[in-house]
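In: Okay, sequence plus prediction incoming.
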Amino acid sequence: MRVIVESPFAGGFANVKYSRECIRDCLARGESPFASHLLYTQKGILDDKVPAERKRGMEAAAGWVEGADYIAVYMDLGITPGMVVGIVRATKLGKVIRLRWIRNDRREQIIESD
C-alpha cells in the first residue's frame, strides 16, 4: 500500500527522529511510505524556514496524494498546521485517513471519506 505520512516536522531534531520512527512503523506494516517533509528538506534541496521554499515543497507533496492508497497521520506529538493542510487535501480527494500512535497502546482509528 502506498502511504503518505503526516507527522510533525518543525521543531528540531526530535521531530525528525519521530518522523523516522513513523516511516519505520509503515515499513513494519508492509507499506510503501512517502514523507515529503523528510525528503524535500534535506540539505541542498529546500529550506523549510524560507516560506516560498516551504510552499514549493508542500505543493510538490500534493502531487503524490492522488496516487496514495491512504494517509497515515501520526498523532503522538499532536497535529501541526502543515499536517492539517495535508489532511484537508487528502480528505477533499476522498482518501482514507488513518490516525496512528506508536508511543502508546492506542489503536489505529480509520476515517473514511464520503
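Out: Here it is on my side, so go on.
In: residue ranges with poor pLDDT in the chain?
Out: Residue ranges of the chain with pLDDT under 70: 114.
In: Now do the strands in it.
Out: Per DSSP state E, the chain carries strands over the ranges 2-6, 32-34, 70-74, 96-100, 109-111.
In: Need the residues that contact the second one.
Out: Which is strand 32-34. Among residues not part of strand 32-34, those counted as contacts by C-beta atoms under 8 Å, 6 or more residues apart in numbering are Met1, Arg2, Val3, Ile4, Val5, Cys22, Ile23, Cys26, Leu27, Trp64, Ala68, Ala72. To be clear about C-beta, it is placed using only N, CA and C from the backbone, and glycine gets the same treatment.
In: just the third one next, same as before
Out: The contact list for strand 70-74 (C-beta under 8 Å, 6+ apart) reads 1, 3-7, 18-19, 22, 25-26, 31, 33, 65, 79, 83, 86-87, 90, 95-102.
In: Find the residue at the geometric middle of the protein.
Out: Centroid check for the chain by C-alpha atoms, centre = their mean gives Glu6 as the closest residue, at 1.7 Å.
In: right, and that one touches Pro81 too?
Out: No - between Glu6 and Pro81 there is no contact under C-beta atoms under 8 Å: 11.6 Å.
In: Now for Val65, how many residues are close by?
Out: 17 (other C-beta atoms under 10 Å).
In: Tell me where this structure has helices.
Out: 13-28, 36-39, 51-65, 81-92 (DSSP state H).
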